[in-house]
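>>> Attaching a predicted model along with its sequence, questions to come.
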Protein chains: 4
Amino acid sequence: MVVRVGIVGYGTIGKRVADAVMRMDDMELVGVVKQNPDYESEVAVRKGIRLYTYEDKVDKFERVGIKVSGTVDELLRSVNIIVDATPDGVGAENKARFYEPMGLRAIFQGGEEAEVAEVSFNALANYDMAIGKRFVRVVSCNTTALTRLISAFLLHGYKIRKVRAYIVRRGADPREFKKGPINDVVFNPATVPSHHGPDVMTVIPSVSIVTMAVAVPTTIMHLHMVNIEFDGLVSRGEVIKVLEETPRILLFNSSSRKFESLAQVIEWARDIGRPRGDVFENAVIEDSVTVFQNELFLMQGVHQESIVVPENVDAIRAVMRLMDKWSSIRKTDEVLGLITEGKNYALA
Amino acid sequence: MVVRVGIVGYGTIGKRVADAVMRMDDMELVGVVKQNPDYESEVAVRKGIRLYTYEDKVDKFERVGIKVSGTVDELLRSVNIIVDATPDGVGAENKARFYEPMGLRAIFQGGEEAEVAEVSFNALANYDMAIGKRFVRVVSCNTTALTRLISAFLLHGYKIRKVRAYIVRRGADPREFKKGPINDVVFNPATVPSHHGPDVMTVIPSVSIVTMAVAVPTTIMHLHMVNIEFDGLVSRGEVIKVLEETPRILLFNSSSRKFESLAQVIEWARDIGRPRGDVFENAVIEDSVTVFQNELFLMQGVHQESIVVPENVDAIRAVMRLMDKWSSIRKTDEVLGLITEGKNYALA
Amino acid sequence: MVVRVGIVGYGTIGKRVADAVMRMDDMELVGVVKQNPDYESEVAVRKGIRLYTYEDKVDKFERVGIKVSGTVDELLRSVNIIVDATPDGVGAENKARFYEPMGLRAIFQGGEEAEVAEVSFNALANYDMAIGKRFVRVVSCNTTALTRLISAFLLHGYKIRKVRAYIVRRGADPREFKKGPINDVVFNPATVPSHHGPDVMTVIPSVSIVTMAVAVPTTIMHLHMVNIEFDGLVSRGEVIKVLEETPRILLFNSSSRKFESLAQVIEWARDIGRPRGDVFENAVIEDSVTVFQNELFLMQGVHQESIVVPENVDAIRAVMRLMDKWSSIRKTDEVLGLITEGKNYALA
Amino acid sequence: MVVRVGIVGYGTIGKRVADAVMRMDDMELVGVVKQNPDYESEVAVRKGIRLYTYEDKVDKFERVGIKVSGTVDELLRSVNIIVDATPDGVGAENKARFYEPMGLRAIFQGGEEAEVAEVSFNALANYDMAIGKRFVRVVSCNTTALTRLISAFLLHGYKIRKVRAYIVRRGADPREFKKGPINDVVFNPATVPSHHGPDVMTVIPSVSIVTMAVAVPTTIMHLHMVNIEFDGLVSRGEVIKVLEETPRILLFNSSSRKFESLAQVIEWARDIGRPRGDVFENAVIEDSVTVFQNELFLMQGVHQESIVVPENVDAIRAVMRLMDKWSSIRKTDEVLGLITEGKNYALA
């Protein structure tokens, strides 16, 4: 079966999911919904992606010479599932207005409240819970990275007493020139915990986690400083082994490979030819991995633009019952070009 | 007695200590050592500060019309104590070359190794240990802020089980245009613990502390996310009270006063007329102060340019046996214009 | 006569004009209008400035314990003149709603359209045209700086054929953490000329000027690269002399004084003790002043937060017929602490 | 004939030229010289690129498990031509030490003095002058962009009276985390003209050009604001047509395509699948193209990392007499994926 996928919202996430879907042989990208005719619309058309828009916006596209293939209604009527990658809160509106009444399945993003969906999703953590569900929410970039990291240890049988994560958020995506800050650190939020901790618990309810977050003037990646307390002693060697064999987690070495900053992680992705320089994996800084008795400390970089892309692909498969968990994760990773060397696709 | 003070190194710290010393009625600023004739030298002369330099650099000053009052030797021979505010490592060289052989007392900065001095100093934590010593080291900005915070609780009789602090460092001082990063988060260092944890223990050896640090593209303040685990339950109310009454710690409220970022803390300092917009106090974000059982979480801003200034003044007094601990702290705070309302200058 | 001044809008400009007015012995600050109770409001109260607000906002202030002295109406009824420092476009609304019907005089800022006032004002350029007028608009920071520079030459009898100015705008003010860009150069605007050229012509209609502008990720100052073509040859020496003796223009030397960047201009202002580190003057980079035949090239820094402050003070005097042009300019400069050495306060 | 190419220096430029050479069917990449084993070295090996290093550095590579194919000498002995992409000034040393004595042909980069080579090169401007030469210098990124722009008009028969260009430089490349500035505009240099003007004249000696330059806290692209005075009137329509049909120049429209900043030009390159998000073309902002009588104003973005890559490829062909000018330019553009629609590859 080839699943017919439509994408509503063609921004940072939507355009990446579109490209990913086009590369999967068990999926077909029917088209994407775009509200404004701009360079992103033009590039989509050049790539052979069909654009759909709201009826009252068709004119705007035609006026600047960008071809529209139809209206949103037309797209929705010809797909099996929607990936909704609209800005925060719009997904819930779309659900009430379109997906619910039309009986459509949909994948939402982490900007939506957990209540929008039956399951908050991360492939490593709870793929099976999304199988056959109608509405699934792929959690946000920071939550995805934390959930993967925690899952790595849970899948290897470790017991975690508590997680404390300190998040240094990028202020904006590269093209968002109106957003700051410029020379500032913003308490984002000033209150504790930030929403990330509770959000992780929508996926892994059993974990005790507190998070704090600030935003800084960068556009490239988030940075997490993580402190995990295990039930019992662990060794650095064990931790490295867990991280090495867990899919979607990569180790970047500062001393032997000179990864001394997040920009160098991105540079690596550009150099190896990743589309858009994307880093789909958690970028764990190997030299930071430190164990004191039962406490683990580490830093990880989180590429906010792309980390949820493989999760969206897997979420489609789970909802559409296309494949079992590890088959889907492996297929997604292989097709998208994630590093698969040494990874164990049969954990737990 | 009026102590005759000389300052070697007239950069970010040195020029502020110079201004502070000039305002103290128990101290006299004899002069400062500067290596290069530039706008800072010119401003010093305009303020009536005598410049001294190395013999082979006198010419450089004269050529551009900046008056030099004498050589370094001449300055050193006419002071009771030196504040060495030279770049990292130069202080140790100066000690061996000048201060030791000349029998001079000296205050060093946190860029030097702890071994340069008999005591690593923070006024709240261990003023008494510096009394009458010959060489004292004022710890660096981040260490000073952590030490003050920990001392606040120790002085109030709390027992601390452990401290975990996550430091988001400013990349450079405002005028350091050659230093980055521009759009990056640097693992600084990638290894754990960063030097800050061990450095705190040079002042408070009994504390169990681990720190991690990254650097970001800002010039204004460091930001700490701190997690303190107490021996036993604490309440948020108690914590707030401790912070309110401890000198050199200020609470900034995000919800009622709209302190939503570090730049607004600096803006406040500019608005109330602080010289150079300096924030001599730990800037604790009140809304971030959160307690879960025996764990405290909070954020604090650390003004890297000025936070050690009051500590240098107190260190001079301790070395010169001018005054007891709380008299010195209070006097320094009053003269420099720190907020003294509600502060208890007779803790412990 | 002491003029009773009220200030509507207490942000970046308003709070600086308030401080300036308080320092003038021919003016009295009756109070300021503030819409939100925040740290700026609290600082104002601490400084003894009376706060006024809209009737429906009094509660908000009282709830967080910040004292309000009355309503906007009450303030407006007790002043001779208003300085309106509200955000772009609000000044025009205030004029229609309050100042016109109440017969009040008002000074507007450059964010308003020129039509809001009878005269677009710069003290050096056209002080006399504002004498006795009811509504005067102090042009924006970039326009003020360009107007001063052009006036310097016109006041010395030079004929200017054309001016081409290339403006590198700071992206936001220091405390505006929501505004970007972070890692970008924004075409602001993409079209030519930017509004600055035409805006200069509202003050000096005879000048032929084209401007282009981009915005960059800084918060400290604007930077102008200026190309002036004179009617006939000029020498660098003449130009330097003109700039040296024109009030409100300062030369910063890169080679002898190490002013190598805008941040060092600000550092100088912090070091000499300017309130908030303000630079009221055009900061012309001396080493950039270059003449090829009849063409002059130079760079100047423009401190967006403070450059219009002296102009607002002078505008009040002109409207209220307090003093003649050069007396006002000199008095403003002396009281605010601008550099007056070598300045000629009797040009043209 | 397939030319055997070696690359000395495998950084920002070197690695891109290596990738480009590998894609050309008339060239073979023999290997690259790298001094340090890091992630760039590892990626090169993964791509099948042979690494060569200095004899005393072989150990360093072996110690961290990165394979070296031989020493620099070995590489040099097996190539027809070297592209030297080492840091500023090292190229000249390499020439004296290796290329001259070994009788090797070499292409240098713009960081070298013009004297290092017989010709300073830009394909549009002076391809023919490099034919058969032994040492050719591809001018730097900013100079390349200015030279292309000027050539566009010269190739269409326009007479240029003078060019004035105002350059807003990116502070560092994306991965250079040690370089600033962070919150500053640096006079780079403070003097006029900056080196770019004279450097353009090494390629097009007849043009009268003055340039000024500052550096800002961005890593993505340089921005030029250009003012060209023609001998006689021109129309905007003509200018647009010239730019549209000149190879290696692209128009980006702000109003119809929402290119409002440089980051959006890069976003476009990422979206269309350019390797590393590279923009090999001058990115002229269409809305900025403005003509007043005989004066043209426009803005262009210059991707410092990649703009010289096609020029290096063409320089190899010219030196090796592989092809005539327009055949080479066209082939380079087609293979590297530059936009060729509407371009005229038979100008002048």
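Nice, I can see it.
>>> For burial, what's the neighbour tally of residue A:25?
8 (other CB atoms under 10 Å in any protein chain shown). (Each C-beta comes from the backbone N, C-alpha and C, glycine too.)
>>> Surely it is in a strand?
No. Read with DSSP: H, G, I helix; E, B strand; the rest coil, residue A:25 is coil and lies in no strand.
>>> which residues sit in contact with it?
residue A:2 (CB atoms under 8 Å, 6 or more residues apart in numbering or on different chains).
>>> Mind doing that once more with 10 Å?
A:2, A:331, A:335 (CB atoms under 10 Å, 6 or more residues apart in numbering or on different chains).
>>> now swap in residue A:74 and tell me
Here residue A:74 is in contact with A:6, A:30, A:31, A:50, A:52, A:55 (criterion: CB under 10 Å, 6+ apart).
>>> Specify which member of these is nearest to chain C.
residue A:52 (29.1 Å; CB to the nearest CB).
>>> what number of residues lie near that closest one?
By the criterion of other CB under 10 Å, residue A:52 has 25 neighbours.
>>> Can I take it that it is in a strand?
Yes. Counting by three-state DSSP, residue A:52 is part of a strand.
>>> what secondary structure does the closest residue to residue A:2 other than its chain neighbours sit in?
Of all residues not flanking residue A:2 in the chain, residue A:28 sits nearest, at 5.1 Å (CB to CB, 6 or more residues apart in numbering or on different chains). Under the three-state scheme (three-state DSSP), residue A:28 adopts strand.
>>> Kindly report the same for residue A:199.
helix.
>>> same question, residue A:164
Per three-state DSSP, residue A:164 ends up strand.
>>> ok, back up a step: among the contacts of residue A:25, which one is most surrounded by other residues?
Neighbour counts for these peak at residue A:331, which has 20 neighbours (criterion: other CB under 10 Å).
>>> Look up phi and psi at residue A:193.
Phi and psi for residue A:193, reported as degrees, to the nearest 10, are phi -80, psi 150.
>>> That one: how many residues sit nearby?
20.
>>> again with residue A:146
Neighbours around residue A:146, by other CB under 10 Å: 30.
>>> and what of residue A:23?
Residue A:23 has 14 nearby residues by other CB under 10 Å.
>>> returning to what we had before: and the two most separated of the contacts of residue A:74?
Within the contacts of residue A:74, two members stand farthest from each other by CB to CB: A:30 and A:55, at 18.2 Å.
>>> May I have the beta-bridge partners of the residue nearest to residue A:2?
For residue A:28, the beta-bridge partners under DSSP bridges are residue A:4.
>>> Chain D versus that one, what's the distance?
20 Å (CB to the nearest CB, to the nearest Å).
>>> tell me the contacts of the spatially closest residue to residue A:348 that is not a sequence neighbour?
Counting by CB to CB, 6+ apart, residue A:348 lies nearest to residue A:155, which is 4.3 Å off, once chain neighbours are set aside. By CB under 10 Å, 6+ apart, residue A:155 lies in contact with A:124, A:125, A:242, A:245, A:246, A:247, A:344, A:347, A:348.
>>> Name the nearest of the residues you listed relative to residue C:60.
Using CB to CB, those come closest to residue C:60 at residue A:125, 44.3 Å.
>>> can you give me the helices in the stretch 151-300 of chain A?
A:196-203, A:236-245, A:254-257, A:262-271 (DSSP state H, counting those that start in this stretch).
>>> winner for burial among the ones you listed?
helix A:262-271 (a mean of 25; mean count of other CB atoms under 10 Å in any protein chain shown).
>>> does any part of that helix sit near chain D?
Yes. Using CB under 10 Å from any CB of the partner chain, helix A:262-271 reaches chain D at A:262, A:263, A:264, A:265, A:266, A:267, A:268, A:269, A:270, A:271.
>>> Packing partners of that helix?
strand A:249-252, helix A:254-257, strand A:282-285, strand A:295-302, strand B:186-187, helix D:12-23, helix D:39-46 (3 or more CB pairs under 10 Å, 6 or more residues apart in numbering or on different chains; DSSP states H and E).
>>> and the longest one, how far from the chain's centre?
Computed by CA atoms, centre = their mean, to the nearest Å, the chain-centroid distance of helix D:12-23 equals 12 Å.
>>> Show me which positions of it end up buried.
Residues D:12, D:13, D:14, D:15, D:16, D:17, D:18, D:19, D:20, D:21 are the ones in helix D:12-23 that count as buried (16 or more other CB atoms under 10 Å in any protein chain shown).
>>> Farthest-apart pair in the residues you listed, please.
The widest separation within those (CB to CB) is 15.6 Å, between D:12 and D:21.
>>> before we move on, the earlier item: would JSON lines of the contacts of residue A:74 with distance to residue A:148 be doable?
JSON lines is the format used below for these (distance: CB to CB, whole Å):
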{"residue": "A:6", "distance to residue A:148": "27"}
{"residue": "A:30", "distance to residue A:148": "30"}
{"residue": "A:31", "distance to residue A:148": "31"}
{"residue": "A:50", "distance to residue A:148": "33"}
{"residue": "A:52", "distance to residue A:148": "33"}
{"residue": "A:55", "distance to residue A:148": "41"}
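>>> List the residues that contact residue A:322.
With CB under 10 Å, 6+ apart, residue A:322 has these contacts: A:1, A:2, A:3, A:24, A:26, A:27, A:131, A:314, A:316, A:328, A:331.
>>> Weed out the non-buried ones from these.
A:3, A:24, A:26, A:27, A:131, A:314, A:316, A:328, A:331.
>>> So the first one sits against residue A:82, correct?
Meaning residue A:3. No. With contacts counted by CB atoms under 10 Å, residue A:3 stays clear of residue A:82, the gap being 11.2 Å.
>>> can you list residues touching both of the two?
Shared contacts of residue A:3 and residue A:82, defined by CB under 10 Å, 6+ apart, are found at A:30, A:105, A:316.
>>> what about the first one, how many neighbours?
Using other CB under 10 Å as the criterion, residue A:30 is surrounded by 23 other residues.
>>> cool, and residue A:151?
Counted with other CB under 10 Å, residue A:151 comes out at 23.
>>> That one reaches residue A:243, doesn't it?
No. Counting by CB under 10 Å, residue A:151 does not reach residue A:243; the two are 11.6 Å apart.
>>> overlap in contacts of those two?
Shared contacts of residue A:151 and residue A:243 (CB under 10 Å, 6+ apart): residue A:249.
>>> nearest spatial neighbour of residue A:231, skipping sequence neighbours?
According to CB to CB, 6+ apart, the nearest residue to residue A:231 is residue A:159 (3.8 Å).
>>> How about the contacts made by the one you found?
For residue A:159, counting by CB under 10 Å, 6+ apart, the contacting residues are A:153, A:230, A:231, A:232.
>>> Now for residue A:113: which residues touch it?
A:88, A:89, A:91, A:92, A:120, A:137, A:202.
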